[in-house]
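Peer 1: below: sequence and its predicted model.
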Amino acid sequence: MISPSLSPASLGKLLMIAAPIKKKLSVGQLFTLQSYWVGLSFMWNSLHVIILPAVLVHLVPEAYKNTYLGMLTMVGLLLAVIVQPISGAVSDRWASPWGRRRPLIALGMLLDLVFLAFLGWSGSLGWLGLGYIGLQLSSNLAHGPLQGLMPDVVPKEQYGRASGVKNLMDMGGLVAASLLVGRLLRPEERHPVGVVSIIAVVLVLAAAITLLGVREAPSLAVD
């Protein structure tokens with residue numbers, strides 16, 4: 001039982017396990033840490049560049065396709081600006097035996113799968129909008145903690161290398177989306193279930209590598 005006389009600072013020290021000394025990470029460990037960025041880049045580049053423009057053609061008049069695409073993208077950017085800082089701040093104070101970042105990253109990824117299903121089976125503009133907005137909320141729920149994971153586990157002298165690996169993962173997702181999804185999605189396809197399923201598989205695999213491969217210190221003292 002915690003004494004009621006403890007100050008907030010002392011209570012925080014009891015709840016939060018002191019961060020261990022960061023060991024230098026190997027190249028393989030840096031790629032494991034940044035793996036989830038491949039899945040996120042693959043997903044968003046597939047949606048914004050290929051899938052949404054192709055699906056909107058079947059849902060709105062051709063003359064208004066770019067207008068609706070621009071509106072969706074603008075709403076998505078606004079949500080990112082709001083949700084990412086909030087989720088990152090929440091993860092700063094998250095108490096968990098599995099660390100403070102990974103639980104919210106995992107939750108965001110699981111919710112991504114739900115809203116990807118909305119996008120894959122959307123038969124109207126309303127369902128498409130709901131799936132896209134929901135995906136922005138869930139994806140950015142994971143983005144904030146994911147941004148904070150690198151400085152938590154990477155020594156300062158490796159920040160530059162880790163950032164370079166992250167950028168490489170982003171570019172890899174972009175190239176893969178352009179080559180794979182661009183070839184698989186047929187122009188007449190109104191329900192891109194197959195392509196969205198591929199996105200979901202890539203997202204889960206990339207997230208699993210990071211979530212299972214990164215050793216994050218517990219943020220809750222365990223008796």
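Peer 2: Nice, I can see it.
Peer 1: okay, CA-based contacts and neighbour counts for the rest of this
Peer 2: OK.
Peer 1: roughly how far does the nearest residue to P192 once chain neighbours are set aside sit from L79?
Peer 2: Leaving aside its sequence neighbours, P192 sits nearest to G120 (CA to CA, 6 or more residues apart in numbering; 5.2 Å). From G120 across to L79, the span is 21 Å (CA to CA, to the nearest Å).
Peer 1: comparing those two, which residue is more hemmed in?
Peer 2: Shown here are G120 and L79; by other CA atoms under 10 Å, G120 has more neighbours (21 against 16).
Peer 1: which elements pack onto whichever strand or helix holds the more buried one?
Peer 2: G120 is part of helix 102-121 when elements are defined by DSSP states H and E. The criterion is 3 or more CA pairs under 8 Å, 6 or more residues apart in numbering; DSSP states H and E, and the helices and strands that helix 102-121 contacts are helix 125-153, helix 193-213.
Peer 1: most tightly surrounded among these?
Peer 2: helix 125-153 (a mean of 21; mean count of other CA atoms under 10 Å).
Peer 1: tell me what angle it forms with helix 193-213.
Peer 2: On the basis of axes from the mean of the first three to the mean of the last three CA atoms, to 10 degrees, helix 125-153 is oriented at 20 degrees to helix 193-213.
Peer 1: give me the angle between helix 125-153 and helix 102-121.
Peer 2: 160 degrees.
Peer 1: to L168, which of the helices and strands packed on helix 102-121 lies closest?
Peer 2: Of all the helices and strands packed on helix 102-121, it is helix 193-213 that lies closest to L168, at 14.0 Å by CA to CA.
Peer 1: contacts for that closest one next, please.
Peer 2: With contact meaning CA atoms under 8 Å, 6 or more residues apart in numbering, helix 193-213 is reached by 29, 32-40, 42-43, 102, 106, 109, 113, 116-117, 119-121, 181, 184-185.
Peer 1: what subset of those residues is buried?
Peer 2: Neighbour counting with 16 or more other CA atoms under 10 Å marks 29, 32-40, 42-43, 102, 106, 109, 113, 116-117, 119-121, 181, 185 as buried within the contacts of helix 193-213.
Peer 1: quick one: low-confidence residue ranges for this structure.
Peer 2: Filtered on pLDDT under 70, the chain yields the residue ranges 1-21, 220-223.
Peer 1: how does it look with 90?
Peer 2: The chain contains residues with pLDDT under 90 at 1-25, 53-66, 95-98, 120-127, 182-183, 185-192, 215-223.
Peer 1: what about D92, neighbour count?
Peer 2: By the criterion of other CA under 10 Å, D92 has 15 neighbours.
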